[in-house]
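Peer 1: return a 3D structure for these sequence lines:
(chains A, B and C)
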Amino acid sequence: MTQPARHAAMLSISNSGSNLAAAAEKQQPAQHLHTQSQSSQGLRVPSNRKTIYDRHLNRSRNAELSRASFAFLFAEMVTYAQRRVTGIQDLEKRLNEQGYPLGLRLLDLLFYRTMSSSTSSSLSSSSTSASPPNRPLRILPLLHLIHGPLWRLLFNRPADALEHSVSPETPNEYMITDNDPLVNTYISVPKEMSMLNCAAFVAGIIEGVCDGCGFEAKVTAHNQPTEMWPGRTIFLLRFGESVMEREKVLERAGVK
Amino acid sequence: MSVFSLIIINKAGGLVYQREFQPGLRKLSTNDYLVLAGTFHGVHAITRSITPKLPLPVTAPATTPTTSTPNAVSPSATSTPAPSTVTHSFPNPGIPATGLETMETDKFRLTCFQTLTGTKFLLFTDPTMTNIDVIMKKIYELYADFVMKNPFYQLEMPVRCESFDRNLTGWLRGRA
Amino acid sequence: MVVYSFYIFDRHAECIYKRRWLPRPSSIVGSKSSRPTSEASAPATGPPAVLGQSARTTDDDAKLIFGTVFSLRNMARKLGGEDDNFVTYRTNQYRLHYYETPTNTKFVMLTDIKSPSMRVALQQIYINLYVEYVVKNPLSPTEHPGGVGVNNELFEESLEQFVTRVLS
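Peer 2: Here you go, the predicted model:
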């Protein structure tokens, strides 16, 4: 019975304005099923309809995870990644690979929270997407999702800047700036490795999020120190050609 | 009111950090600083070992009867040396003796803080400087943060952490 | 304020006088009259055993103290310049005061940590006691190997008085 109904919904929605939801259903059936099962009371849902997933891991809003524990854990991750590496690029690649699966997994949590707590705020998207926030289809909403909600989820604050490459040759390049990345707070990179930026781990998370949304991209972290912000880091997002082509098609179709 | 310089000595007596903040002391060569760190490490241990030992009043009755009252049983005579070697206390009983904590000369004051892990922080300041413990605490905090949490720092090795330097200088400048 | 001990080192780095003031049970005081804890002369190294420390330890203490003040004095000169003087240091248990005469004789005093600076007191001991009763004493030799000449009665009596009356 569900099958025709879903099909009908897709047909109808494709004509209507709110095509975001339809696309989400099409590309992420898992999420669709999840919401369905919740509505059909198939899972054990407490009477107040607040499952454990609705709650923050931290009960109180201001409670934070220990920054020191994270710093020590991350230090060990860097040390681990350093074993038998051939160079700085290799090390950054490994850090990136450590972050990538995290980004993929985090995306589900982010979407789930953004959807269910759209009334309650803390994660509500600052992006341009319409009121039931959903999976971004175009690059700009995706970037806003990363810049805003993702950064807040990870670091409790939005990123500091979002820019598009000014060069006409590289329209597929976007830059997200963090003036003082949390992961680099306690890290002093030795002089002989001055090119290294351990935020490659965060770049990996971003890459995972992009891939999870269906945007093939390569993300790298670069040092851009200023006098005020010695740890300023630029995350360079390079989207793949397929993404750019789809972007053009969607633009023509008027998809936002 | 000025902080001249900071020296960090690892638990083996090796110099791992030396930095000057304000002029006031003579500059030494790297080798001289290494020697100074090693010397201080030794002196610090000696200053603890020469802590005056005060005999405990309660032991006196135990030692005097052996001489004044001959009817004491012979085993007590052999047992007296044992208590006499342990029956002393430090001037501040209850606190384990530390080594040198502050040292003063005409030109500067040296404050030494030894962490529970054996690392020593030596802060050279103006002799009139007060509230050095606040500065010392902050330095220890910055050390714990920016040195110990740095994945590129190898324990007991010289501290070359740019963010430690930066935060230390920034904080001291903010105080002055 | 409590004075624990007092040392004089000559220019040959030899300890020429050492004396300790230790709070002792009253029962022992009777056995040796006015200066029971003096260890000025070589024969007097016996008594410390009674005080809970072997004679070897007190001799070693003097050597250790000399090594300490010598190192710290050199450190002060190295960092502060040739005209800098090491004055005092403190641990959490005691305070050590140091005074060096122009003739390189070194006066060291160990007190409790609450005591104020004893630099002036050490200088007074040097000027008013050491110079008066040791240097000016025609019977005292110019050098004092093993403490010969320093352990005369006038010096010891007046030092005792100075410490008990003036300092405490």
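Peer 1: part of a helix, is residue A:98?
Peer 2: Yes - counting by DSSP: H, G, I helix; E, B strand; the rest coil, residue A:98 is part of a helix.
Peer 1: the strands in chain C, which residues?
Peer 2: Under the criterion DSSP state E, chain C carries strands at the ranges C:3-9, C:15-20, C:86-90, C:95-100, C:106-111.
Peer 1: actually, chain B.
Peer 2: B:3-9, B:15-20, B:54-55, B:88-89, B:102-105, B:109-114, B:120-125.
Peer 1: to residue A:241, which of those strands lies closest?
Peer 2: Distance to residue A:241, taken as Cβ to Cβ, is lowest for strand B:15-20 among those, at 51.1 Å. Just so you know, the C-beta spots here come from the backbone N, C-alpha and C atoms, and that holds for glycine as well.
Peer 1: burial check on residue C:126, number of neighbours?
Peer 2: 20 (other Cβ atoms under 10 Å in any protein chain shown).
Peer 1: that one contacts residue C:101, correct?
Peer 2: Yes - using Cβ atoms under 8 Å as the test, residue C:126 is close enough to residue C:101 to be in contact (5.7 Å).
Peer 1: who touches both of the two?
Peer 2: Counting by Cβ atoms under 8 Å, 6 or more residues apart in numbering or on different chains, the common neighbours of residue C:126 and residue C:101 are residue C:107.
Peer 1: adding mean pLDDT, distance to chain A and mean neighbour count, write the strands of chain C out as TSV.
Peer 2: Listed next are the strands of chain C as TSV, based on pLDDT from 0 to 100; distance: least, Cβ to the nearest Cβ, whole Å; neighbours: other Cβ atoms under 10 Å in any protein chain shown:
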stretch	mean pLDDT	distance to chain A	mean neighbour count
strand C:3-9	94	43	22
strand C:15-20	92	49	22
strand C:86-90	96	33	22
strand C:95-100	96	37	23
strand C:106-111	95	42	24
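Peer 1: CSV for these, including distance to residue A:199?
Peer 2: Written out in CSV, the entries for the strands of chain C read as follows (distance: least, Cβ to Cβ, whole Å):
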stretch, distance to residue A:199
strand C:3-9, 58
strand C:15-20, 62
strand C:86-90, 47
strand C:95-100, 51
strand C:106-111, 56
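Peer 1: follow-up on the earlier one: mind putting the strands of chain B in a markdown table, mean neighbour count, distance to residue C:116 and mean pLDDT included?
Peer 2: Written out in a markdown table, the entries for the strands of chain B read as follows (neighbours: other Cβ atoms under 10 Å in any protein chain shown; distance: least, Cβ to Cβ, whole Å; pLDDT from 0 to 100):
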| stretch | mean neighbour count | distance to residue C:116 | mean pLDDT |
| --- | --- | --- | --- |
| strand B:3-9 | 21 | 25 | 96 |
| strand B:15-20 | 19 | 31 | 96 |
| strand B:54-55 | 20 | 21 | 82 |
| strand B:88-89 | 14 | 24 | 80 |
| strand B:102-105 | 22 | 12 | 95 |
| strand B:109-114 | 20 | 16 | 96 |
| strand B:120-125 | 23 | 20 | 96 |
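Peer 1: of all those strands, which one is nearest residue A:168?
Peer 2: Distances from residue A:168 to each of these were compared using Cβ to Cβ; the shortest belongs to strand B:15-20, at 48.4 Å.
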